[in-house]
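Requesting a structural model of the entry that follows:
(2 chains)
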Protein chains: 2
Amino acid sequence: MPRVSPDHLQARRRQILDGARTCFARHGYEGATVRRLEEATGLSRGAIFHHFKDKESLFLALAEDDAARMADVVAEQGLVQVMRDLLSDRTPGGGSESETEWLGTRLEVSRRLRTDSEFRARWAQRSEQLTAATKARLQWQREGGNLRDDVDVDVLTAYLELVLEGLVSHLAMGLPADDLGPVLDVVEESVRRHRGR
Amino acid sequence: MPRVSPDHLQARRRQILDGARTCFARHGYEGATVRRLEEATGLSRGAIFHHFKDKESLFLALAEDDAARMADVVAEQGLVQVMRDLLSDRTPGGGSESETEWLGTRLEVSRRLRTDSEFRARWAQRSEQLTAATKARLQWQREGGNLRDDVDVDVLTAYLELVLEGLVSHLAMGLPADDLGPVLDVVEESVRRHRGR
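Numbering: from 1, shown residues only, chains lettered A, B, ... in the order given. All right, here's what the predicted structure looks like:
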(Lines give C-alpha, C1' and ligand atoms only; values in the text may rest on other atoms or scores of the structure.)
Protein backbone atom coordinates (compact mmCIF):
# COMPACT_ATOMS: atom_id res chain seq x y z
CA MET A 1 0.00 0.00 0.00
CA PRO A 2 1.54 3.33 -1.01
CA ARG A 3 2.16 5.84 1.73
CA VAL A 4 0.81 9.33 1.09
CA SER A 5 2.81 12.28 2.36
CA PRO A 6 1.11 15.07 4.37
CA ASP A 7 2.20 17.53 1.67
CA HIS A 8 0.48 15.48 -0.96
CA LEU A 9 -2.70 15.26 1.12
CA GLN A 10 -2.63 19.00 1.62
CA ALA A 11 -2.17 19.65 -2.11
CA ARG A 12 -5.00 17.29 -2.94
CA ARG A 13 -7.27 19.03 -0.44
CA ARG A 14 -6.38 22.37 -2.02
CA GLN A 15 -7.12 21.03 -5.50
CA ILE A 16 -10.57 19.91 -4.36
CA LEU A 17 -11.35 23.22 -2.64
CA ASP A 18 -10.28 25.34 -5.63
CA GLY A 19 -12.28 23.28 -8.09
CA ALA A 20 -15.31 23.15 -5.82
CA ARG A 21 -15.26 26.91 -5.35
CA THR A 22 -15.40 27.47 -9.10
CA CYS A 23 -18.14 24.87 -9.39
CA PHE A 24 -20.31 26.38 -6.60
CA ALA A 25 -19.74 29.84 -8.08
CA ARG A 26 -20.83 28.73 -11.55
CA HIS A 27 -23.76 26.47 -10.71
CA GLY A 28 -24.93 27.55 -7.26
CA TYR A 29 -25.22 25.26 -4.25
CA GLU A 30 -27.97 23.02 -5.59
CA GLY A 31 -26.56 23.02 -9.11
CA ALA A 32 -23.14 21.81 -7.98
CA THR A 33 -23.88 18.13 -8.52
CA VAL A 34 -21.39 15.39 -7.69
CA ARG A 35 -20.73 14.92 -11.39
CA ARG A 36 -19.96 18.62 -11.84
CA LEU A 37 -17.75 18.59 -8.75
CA GLU A 38 -15.83 15.70 -10.31
CA GLU A 39 -15.38 17.64 -13.55
CA ALA A 40 -14.34 20.85 -11.79
CA THR A 41 -11.81 19.19 -9.50
CA GLY A 42 -10.56 16.59 -12.00
CA LEU A 43 -11.02 13.94 -9.30
CA SER A 44 -13.41 11.06 -8.69
CA ARG A 45 -16.23 11.29 -6.16
CA GLY A 46 -14.34 8.70 -4.12
CA ALA A 47 -11.32 10.98 -3.88
CA ILE A 48 -13.41 14.08 -3.14
CA PHE A 49 -15.45 12.49 -0.37
CA HIS A 50 -12.38 10.87 1.11
CA HIS A 51 -11.34 14.39 2.05
CA PHE A 52 -14.75 15.91 2.79
CA LYS A 53 -17.64 14.03 4.36
CA ASP A 54 -20.27 15.42 2.01
CA LYS A 55 -21.15 18.41 -0.18
CA GLU A 56 -22.23 20.43 2.84
CA SER A 57 -18.85 19.91 4.52
CA LEU A 58 -17.10 20.94 1.33
CA PHE A 59 -19.16 24.11 1.10
CA LEU A 60 -18.56 24.94 4.76
CA ALA A 61 -14.81 24.36 4.35
CA LEU A 62 -14.87 27.05 1.64
CA ALA A 63 -16.77 29.41 3.94
CA GLU A 64 -14.14 28.68 6.58
CA ASP A 65 -11.41 29.48 4.05
CA ASP A 66 -13.07 32.84 3.38
CA ALA A 67 -13.34 33.61 7.08
CA ALA A 68 -9.69 32.70 7.67
CA ARG A 69 -8.43 34.85 4.80
CA MET A 70 -10.59 37.77 5.90
CA ALA A 71 -9.44 37.34 9.52
CA ASP A 72 -5.83 37.67 8.36
CA VAL A 73 -6.59 40.97 6.61
CA VAL A 74 -8.61 42.14 9.63
CA ALA A 75 -5.71 41.49 12.00
CA GLU A 76 -3.40 43.67 9.92
CA GLN A 77 -5.69 46.28 8.44
CA GLY A 78 -9.22 45.97 9.83
CA LEU A 79 -12.59 44.88 8.48
CA VAL A 80 -13.10 47.99 6.37
CA GLN A 81 -10.02 46.94 4.39
CA VAL A 82 -11.67 43.56 3.76
CA MET A 83 -14.59 45.50 2.27
CA ARG A 84 -12.27 47.66 0.15
CA ASP A 85 -10.61 44.50 -1.14
CA LEU A 86 -13.99 43.03 -2.07
CA LEU A 87 -14.78 46.24 -3.95
CA SER A 88 -11.50 46.35 -5.85
CA ASP A 89 -11.63 42.61 -6.66
CA ARG A 90 -14.55 43.29 -8.87
CA THR A 91 -12.96 46.02 -10.96
CA PRO A 92 -11.89 45.03 -14.49
CA GLY A 93 -8.78 42.91 -14.43
CA GLY A 94 -9.30 41.89 -10.85
CA GLY A 95 -10.37 38.35 -11.66
CA SER A 96 -13.70 39.39 -10.27
CA GLU A 97 -16.42 37.44 -11.96
CA SER A 98 -16.18 34.10 -10.24
CA GLU A 99 -15.63 35.84 -6.89
CA THR A 100 -18.90 37.72 -7.31
CA GLU A 101 -20.63 34.51 -8.30
CA TRP A 102 -19.24 32.74 -5.26
CA LEU A 103 -20.66 35.52 -3.05
CA GLY A 104 -23.98 34.88 -4.73
CA THR A 105 -23.82 31.21 -3.85
CA ARG A 106 -23.29 32.23 -0.24
CA LEU A 107 -26.57 34.16 -0.44
CA GLU A 108 -28.41 31.30 -2.06
CA VAL A 109 -27.99 29.12 1.01
CA SER A 110 -29.95 31.63 3.08
CA ARG A 111 -33.08 29.46 3.12
CA ARG A 112 -31.05 26.51 4.28
CA LEU A 113 -29.36 28.62 6.97
CA ARG A 114 -32.73 29.81 8.17
CA THR A 115 -34.47 26.47 8.29
CA ASP A 116 -31.69 24.00 9.12
CA SER A 117 -30.38 24.77 12.60
CA GLU A 118 -27.49 22.30 12.39
CA PHE A 119 -26.27 23.86 9.15
CA ARG A 120 -26.66 27.31 10.70
CA ALA A 121 -24.62 26.26 13.73
CA ARG A 122 -21.81 24.93 11.52
CA TRP A 123 -21.89 28.12 9.44
CA ALA A 124 -21.84 30.33 12.55
CA GLN A 125 -18.83 28.42 13.88
CA ARG A 126 -16.99 29.34 10.67
CA SER A 127 -17.70 33.04 10.99
CA GLU A 128 -16.78 33.21 14.67
CA GLN A 129 -13.16 33.51 13.74
CA LEU A 130 -13.86 36.63 11.68
CA THR A 131 -15.85 38.15 14.54
CA ALA A 132 -13.05 37.37 16.99
CA ALA A 133 -10.43 38.95 14.72
CA THR A 134 -12.57 42.06 14.22
CA LYS A 135 -13.19 42.44 17.93
CA ALA A 136 -9.50 41.99 18.75
CA ARG A 137 -8.52 44.60 16.18
CA LEU A 138 -11.07 47.12 17.49
CA GLN A 139 -9.98 46.47 21.07
CA TRP A 140 -6.40 47.13 20.06
CA GLN A 141 -7.41 50.36 18.33
CA ARG A 142 -9.30 51.44 21.40
CA GLU A 143 -6.27 50.90 23.56
CA GLY A 144 -4.29 53.03 21.12
CA GLY A 145 -6.89 55.78 21.46
CA ASN A 146 -7.96 55.59 17.81
CA LEU A 147 -11.42 54.15 18.36
CA ARG A 148 -14.46 56.05 19.56
CA ASP A 149 -14.96 55.18 23.21
CA ASP A 150 -18.63 56.00 23.65
CA VAL A 151 -19.85 52.75 22.08
CA ASP A 152 -19.13 49.18 23.16
CA VAL A 153 -16.62 47.22 21.05
CA ASP A 154 -19.21 44.45 20.61
CA VAL A 155 -21.63 46.94 19.06
CA LEU A 156 -18.97 48.35 16.72
CA THR A 157 -18.02 44.79 15.70
CA ALA A 158 -21.65 43.97 14.89
CA TYR A 159 -21.94 47.27 13.02
CA LEU A 160 -18.96 46.53 10.75
CA GLU A 161 -20.16 42.98 10.15
CA LEU A 162 -23.60 44.26 9.17
CA VAL A 163 -22.07 46.59 6.59
CA LEU A 164 -19.96 43.70 5.26
CA GLU A 165 -23.13 41.63 4.86
CA GLY A 166 -24.69 44.50 2.95
CA LEU A 167 -21.68 44.75 0.66
CA VAL A 168 -21.64 41.01 -0.02
CA SER A 169 -25.34 41.13 -0.88
CA HIS A 170 -24.90 44.22 -3.05
CA LEU A 171 -22.02 42.72 -5.05
CA ALA A 172 -23.68 39.32 -5.34
CA MET A 173 -26.74 40.95 -6.89
CA GLY A 174 -24.55 42.65 -9.49
CA LEU A 175 -25.70 46.12 -8.43
CA PRO A 176 -23.52 49.10 -9.40
CA ALA A 177 -20.71 49.50 -6.90
CA ASP A 178 -18.47 52.16 -8.40
CA ASP A 179 -19.68 54.75 -5.92
CA LEU A 180 -19.11 52.68 -2.78
CA GLY A 181 -15.56 53.83 -1.97
CA PRO A 182 -16.73 57.06 -0.28
CA VAL A 183 -19.43 55.03 1.52
CA LEU A 184 -16.72 52.87 3.10
CA ASP A 185 -14.95 56.08 4.13
CA VAL A 186 -18.09 57.03 6.08
CA VAL A 187 -18.14 53.58 7.68
CA GLU A 188 -14.48 53.75 8.66
CA GLU A 189 -14.79 57.23 10.04
CA SER A 190 -17.86 56.34 12.07
CA VAL A 191 -15.91 53.96 14.32
CA ARG A 192 -12.94 56.30 14.75
CA ARG A 193 -12.33 58.64 17.61
CA HIS A 194 -13.12 62.24 16.76
CA ARG A 195 -11.64 65.30 18.27
CA GLY A 196 -14.08 66.64 20.78
CA ARG A 197 -15.85 63.33 21.37
CA MET B 1 -70.73 40.48 -20.55
CA PRO B 2 -70.61 41.57 -16.90
CA ARG B 3 -68.88 44.86 -16.16
CA VAL B 4 -66.22 44.68 -13.45
CA SER B 5 -65.82 47.69 -11.18
CA PRO B 6 -62.39 49.26 -10.58
CA ASP B 7 -62.80 48.51 -6.85
CA HIS B 8 -63.35 44.88 -7.59
CA LEU B 9 -60.29 44.75 -9.85
CA GLN B 10 -58.23 46.38 -7.16
CA ALA B 11 -59.41 43.92 -4.51
CA ARG B 12 -58.69 40.99 -6.80
CA ARG B 13 -55.20 42.32 -7.46
CA ARG B 14 -54.65 42.64 -3.71
CA GLN B 15 -55.86 39.08 -3.15
CA ILE B 16 -53.35 37.79 -5.71
CA LEU B 17 -50.45 39.79 -4.28
CA ASP B 18 -51.13 38.70 -0.69
CA GLY B 19 -51.40 35.03 -1.61
CA ALA B 20 -48.35 35.18 -3.87
CA ARG B 21 -46.27 36.79 -1.16
CA THR B 22 -47.03 33.95 1.24
CA CYS B 23 -46.33 31.44 -1.51
CA PHE B 24 -42.96 32.97 -2.48
CA ALA B 25 -42.03 33.23 1.21
CA ARG B 26 -42.85 29.59 1.85
CA HIS B 27 -41.46 27.96 -1.30
CA GLY B 28 -38.89 30.40 -2.66
CA TYR B 29 -38.94 31.86 -6.15
CA GLU B 30 -38.37 28.64 -8.07
CA GLY B 31 -40.57 26.61 -5.73
CA ALA B 32 -43.56 28.91 -6.21
CA THR B 33 -45.09 26.91 -9.05
CA VAL B 34 -48.24 28.00 -10.87
CA ARG B 35 -50.18 25.27 -9.06
CA ARG B 36 -48.98 26.53 -5.68
CA LEU B 37 -49.77 30.12 -6.66
CA GLU B 38 -53.29 28.97 -7.49
CA GLU B 39 -53.65 27.31 -4.09
CA ALA B 40 -52.22 30.27 -2.20
CA THR B 41 -54.38 32.86 -3.93
CA GLY B 42 -57.51 30.72 -4.25
CA LEU B 43 -57.71 31.74 -7.92
CA SER B 44 -57.15 30.03 -11.23
CA ARG B 45 -54.03 30.58 -13.30
CA GLY B 46 -56.22 32.35 -15.82
CA ALA B 47 -57.33 34.88 -13.21
CA ILE B 48 -53.82 35.35 -11.83
CA PHE B 49 -52.18 35.93 -15.21
CA HIS B 50 -55.00 38.18 -16.31
CA HIS B 51 -53.66 40.62 -13.70
CA PHE B 52 -49.94 39.89 -13.99
CA LYS B 53 -48.17 38.99 -17.21
CA ASP B 54 -46.07 36.20 -15.67
CA LYS B 55 -44.48 34.98 -12.44
CA GLU B 56 -41.63 37.44 -12.81
CA SER B 57 -44.04 40.37 -13.06
CA LEU B 58 -45.88 39.12 -9.98
CA PHE B 59 -42.64 38.89 -8.03
CA LEU B 60 -41.54 42.36 -9.16
CA ALA B 61 -44.93 43.81 -8.21
CA LEU B 62 -44.31 42.53 -4.67
CA ALA B 63 -40.84 44.09 -4.64
CA GLU B 64 -42.48 47.32 -5.80
CA ASP B 65 -44.99 47.03 -2.95
CA ASP B 66 -42.12 46.72 -0.48
CA ALA B 67 -40.35 49.72 -1.93
CA ALA B 68 -43.52 51.82 -1.82
CA ARG B 69 -44.26 50.92 1.80
CA MET B 70 -40.68 51.60 2.82
CA ALA B 71 -40.67 54.89 0.91
CA ASP B 72 -43.71 56.01 2.93
CA VAL B 73 -41.92 55.30 6.20
CA VAL B 74 -38.77 56.98 4.88
CA ALA B 75 -40.65 60.17 4.01
CA GLU B 76 -41.98 60.46 7.57
CA GLN B 77 -39.26 58.93 9.70
CA GLY B 78 -36.20 58.04 7.60
CA LEU B 79 -34.53 54.87 6.41
CA VAL B 80 -33.16 53.94 9.82
CA GLN B 81 -36.76 53.67 11.00
CA VAL B 82 -37.43 51.22 8.17
CA MET B 83 -34.59 49.13 9.57
CA ARG B 84 -35.93 49.40 13.12
CA ASP B 85 -39.32 48.24 11.85
CA LEU B 86 -37.72 45.24 10.14
CA LEU B 87 -36.01 44.39 13.42
CA SER B 88 -39.13 44.66 15.54
CA ASP B 89 -41.25 42.76 13.01
CA ARG B 90 -39.29 39.69 13.79
CA THR B 91 -39.79 39.79 17.55
CA PRO B 92 -42.30 37.27 18.95
CA GLY B 93 -45.85 38.33 18.21
CA GLY B 94 -44.78 40.54 15.34
CA GLY B 95 -46.06 38.21 12.64
CA SER B 96 -42.46 37.85 11.70
CA GLU B 97 -41.86 34.44 10.26
CA SER B 98 -43.26 34.82 6.80
CA GLU B 99 -41.72 38.30 6.56
CA THR B 100 -38.29 36.83 7.23
CA GLU B 101 -38.94 34.12 4.68
CA TRP B 102 -40.01 36.67 2.13
CA LEU B 103 -36.73 38.55 2.68
CA GLY B 104 -34.96 35.26 2.04
CA THR B 105 -36.76 34.85 -1.27
CA ARG B 106 -35.52 38.29 -2.24
CA LEU B 107 -31.97 37.03 -1.66
CA GLU B 108 -32.54 33.86 -3.60
CA VAL B 109 -33.06 35.77 -6.81
CA SER B 110 -29.53 37.18 -6.57
CA ARG B 111 -28.18 34.85 -9.27
CA ARG B 112 -30.98 35.89 -11.57
CA LEU B 113 -30.36 39.57 -10.82
CA ARG B 114 -26.70 39.12 -11.61
CA THR B 115 -27.07 37.20 -14.82
CA ASP B 116 -30.30 38.54 -16.34
CA SER B 117 -29.84 42.19 -17.19
CA GLU B 118 -33.48 42.76 -18.09
CA PHE B 119 -34.64 41.35 -14.76
CA ARG B 120 -32.03 43.49 -13.01
CA ALA B 121 -33.25 46.60 -14.81
CA ARG B 122 -36.85 45.92 -13.79
CA TRP B 123 -35.76 45.27 -10.19
CA ALA B 124 -33.66 48.45 -10.10
CA GLN B 125 -36.61 50.48 -11.37
CA ARG B 126 -38.60 49.23 -8.34
CA SER B 127 -35.98 50.29 -5.83
CA GLU B 128 -35.45 53.72 -7.37
CA GLN B 129 -38.45 55.03 -5.52
CA LEU B 130 -36.90 54.03 -2.18
CA THR B 131 -33.63 55.72 -3.14
CA ALA B 132 -35.48 58.87 -4.18
CA ALA B 133 -37.42 58.99 -0.91
CA THR B 134 -34.25 58.46 1.13
CA LYS B 135 -32.40 61.17 -0.74
CA ALA B 136 -35.29 63.62 -0.37
CA ARG B 137 -35.49 62.97 3.36
CA LEU B 138 -31.75 63.47 3.84
CA GLN B 139 -31.84 66.64 1.75
CA TRP B 140 -34.63 67.96 3.94
CA GLN B 141 -32.66 67.13 7.09
CA ARG B 142 -29.64 68.87 5.70
CA GLU B 143 -31.66 72.00 5.06
CA GLY B 144 -32.84 71.82 8.66
CA GLY B 145 -29.22 71.60 9.82
CA ASN B 146 -29.65 68.11 11.28
CA LEU B 147 -27.50 66.24 8.79
CA ARG B 148 -23.72 66.21 8.68
CA ASP B 149 -22.63 68.54 5.90
CA ASP B 150 -19.16 67.20 5.16
CA VAL B 151 -20.41 64.27 3.05
CA ASP B 152 -22.53 64.35 -0.09
CA VAL B 153 -26.20 63.38 0.28
CA ASP B 154 -25.75 60.76 -2.46
CA VAL B 155 -23.01 59.07 -0.44
CA LEU B 156 -25.11 59.09 2.74
CA THR B 157 -28.04 57.65 0.79
CA ALA B 158 -25.86 54.82 -0.56
CA TYR B 159 -24.49 54.27 2.96
CA LEU B 160 -27.93 53.83 4.50
CA GLU B 161 -29.05 51.57 1.66
CA LEU B 162 -25.96 49.38 2.10
CA VAL B 163 -26.74 48.93 5.80
CA LEU B 164 -30.35 48.07 4.88
CA GLU B 165 -29.07 45.40 2.49
CA GLY B 166 -26.91 44.01 5.29
CA LEU B 167 -29.88 43.88 7.63
CA VAL B 168 -32.09 42.15 5.08
CA SER B 169 -29.38 39.57 4.47
CA HIS B 170 -28.78 39.08 8.19
CA LEU B 171 -32.47 38.57 8.97
CA ALA B 172 -33.05 36.35 5.94
CA MET B 173 -30.27 34.05 7.10
CA GLY B 174 -31.90 33.71 10.51
CA LEU B 175 -28.83 35.07 12.31
CA PRO B 176 -29.29 36.42 15.84
CA ALA B 177 -30.53 40.00 15.70
CA ASP B 178 -31.37 40.87 19.30
CA ASP B 179 -28.28 43.02 19.64
CA LEU B 180 -28.81 45.11 16.51
CA GLY B 181 -30.76 47.99 18.09
CA PRO B 182 -27.59 49.74 19.34
CA VAL B 183 -25.97 49.07 15.94
CA LEU B 184 -28.75 51.04 14.26
CA ASP B 185 -28.13 53.83 16.79
CA VAL B 186 -24.53 54.01 15.50
CA VAL B 187 -25.82 54.13 11.91
CA GLU B 188 -28.30 56.88 12.69
CA GLU B 189 -25.80 58.92 14.59
CA SER B 190 -23.20 58.63 11.84
CA VAL B 191 -25.31 60.64 9.39
CA ARG B 192 -26.30 63.31 11.91
CA ARG B 193 -24.68 66.63 12.42
CA HIS B 194 -22.40 66.72 15.46
CA ARG B 195 -21.45 69.67 17.52
CA GLY B 196 -18.02 70.79 16.43
CA ARG B 197 -18.25 69.25 12.97
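
Quick check: A:Ile16 touching A:Ile48?
Yes - contact criterion Cβ atoms under 8 Å: A:Ile16 and A:Ile48 qualify, at 5.6 Å. C-beta: built from backbone N, CA, C; applies to glycine.

For those two, list the residues in contact with both.
Common contact partners of A:Ile16 and A:Ile48 (Cβ atoms under 8 Å, 6 or more residues apart in numbering or on different chains): A:41, A:58.

residues touching the residue in chain A that chain B sits nearest to, list them.
Of all residues in chain A, the one sitting closest to chain B is A:Gly166 (3.0 Å; Cβ to the nearest Cβ). Neighbour list for A:Gly166: B:162-167, B:169 [criterion: Cβ under 8 Å, 6+ apart].

any idea which of the residues you listed is closest to chain A?
Looking across the contacts of A:Gly166 and measuring by Cβ to the nearest Cβ, the closest to chain A is B:Gly166, at 3.0 Å.

ok, back up a step: if I look at the residue of chain A closest to chain B, how far off is A:Leu156?
16 Å (Cβ to Cβ, to the nearest Å).

One more: A:Met173?
Remark: distance between A:Met173 and A:Leu156 (Cβ to Cβ) = 26 Å.

so what pLDDT did the residue nearest to A:Leu130 when sequence neighbours are not counted get?
Nearest in space to A:Leu130, with sequence neighbours left out and distances taken as Cβ to Cβ, 6 or more residues apart in numbering or on different chains, is A:Ala67 at 4.6 Å. Looking at A:Ala67, its pLDDT is 91.

With A:Arg112 instead?
As predicted, A:Arg112 sits at a pLDDT of 84.

That one: neighbour count?
Residues within reach of A:Arg112, counting by other Cβ atoms under 10 Å in any protein chain shown, total 18.

Please, which helix or strand holds the most centrally placed residue in chain A?
Residue closest to the mean C-alpha point of chain A, counted by Cα atoms, centre = their mean, is A:Asp66 at 3.6 Å. Assigned by DSSP states H and E, A:Asp66 belongs to helix A:55-77.

Quick one: work out the angle between the helix or strand following that helix and helix A:55-77.
The first helix or strand that comes after helix A:55-77 along the chain, using DSSP H and E, is helix A:79-89. Put simply, helix A:79-89 runs at 110 degrees to helix A:55-77, going by axes from the mean of the first three to the mean of the last three Cα atoms, to 10 degrees.

Next, the buried residues of helix A:79-89.
A:79-84, A:86-87 (16 or more other Cβ atoms under 10 Å in any protein chain shown).

Show me what it packs onto, helices and strands only.
helix A:55-77, helix A:153-172, helix A:181-191 (3 or more Cβ pairs under 8 Å, 6 or more residues apart in numbering or on different chains; DSSP states H and E).

Can you say which of the ones you listed is packed in most?
Comparing the helices and strands packed on helix A:79-89 by mean neighbour count (mean count of other Cβ atoms under 10 Å in any protein chain shown), helix A:153-172 ranks first with a mean of 23.
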